[in-house]
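> sequence plus predicted model, see below.
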Amino acid sequence: MSVTAKDVAYIAELARLRFTDDEMGRMTNELNEILLYIEKLNEVETEGVEPLSGIHDLSNFLRDDVTLPSLPEEKVLQNAPERQDRFFKVPKVIG
């Protein structure tokens, strides 16, 4: 399968792109080179090769979620520059 200038023009129209004649020729060549490379990859023998989700056999070891008590309000607010009751007071951002 090869890409023609007509194919590139159609794809460009779908993508709302405009190419000069030189760019059209270059895009046609580049798309054909990509297709040749894919054909070459299809020739590789992959029988018996397990599919991978990544290039390493490593797994993420995550810790279990454990509920811990929160800090007391007084301790959390002790370094706040300003506070109002049990909340941080911040400057108004929206006018």
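Good, I have the coordinates.

> report the contact partners of residue 11.
Applying CB atoms under 8 Å, 6 or more residues apart in numbering, we find residue 11 in contact with no residue. In this view, the C-beta of every residue, glycine as well, is placed from N, C-alpha and C.

> typo on my end, it should be residue 47
With CB under 8 Å, 6+ apart as the criterion, no residue contacts residue 47.

> now the one helix or strand residue 30 maps to: buried residues?
Assigned by DSSP states H and E, residue 30 belongs to helix 21-42. Within helix 21-42, the residues that count as buried by 16 or more other CB atoms under 10 Å are 24, 27-28, 31-32.

> between those, which is closest to residue 15?
residue 27 (11.0 Å; CB to CB).

> which non-adjacent residue is nearest that closest one?
residue 8 (5.0 Å; CB to CB, 6 or more residues apart in numbering).

> same thing with residue 35?
residue 1 (6.2 Å).

> which parts of the chain are helices?
For the chain, helices defined by DSSP state H occupy the ranges 5-14, 21-42, 73-77.

> can you count the residues close to residue 67?
Neighbours of residue 67 under the rule other CB atoms under 10 Å: 5.

> show me what contacts it?
Here residue 67 is in contact with no residue (CB under 8 Å, 6+ apart).

> any idea how far it is from residue 73?
Distance of residue 67 to residue 73, computed by CB to CB, to the nearest Å: 18 Å.

> just residue 34 next, same as before
60 Å.

> now swap in residue 58 and tell me
Residue 58 is 42 Å from residue 73, by CB to CB.

> the more surrounded of the two?
residue 73 (12 against 7).

> isn't the more buried one right next to residue 87, touching?
No. Counting by CB atoms under 8 Å, residue 73 does not reach residue 87; the two are 9.5 Å apart.

> appreciated, that's everything.
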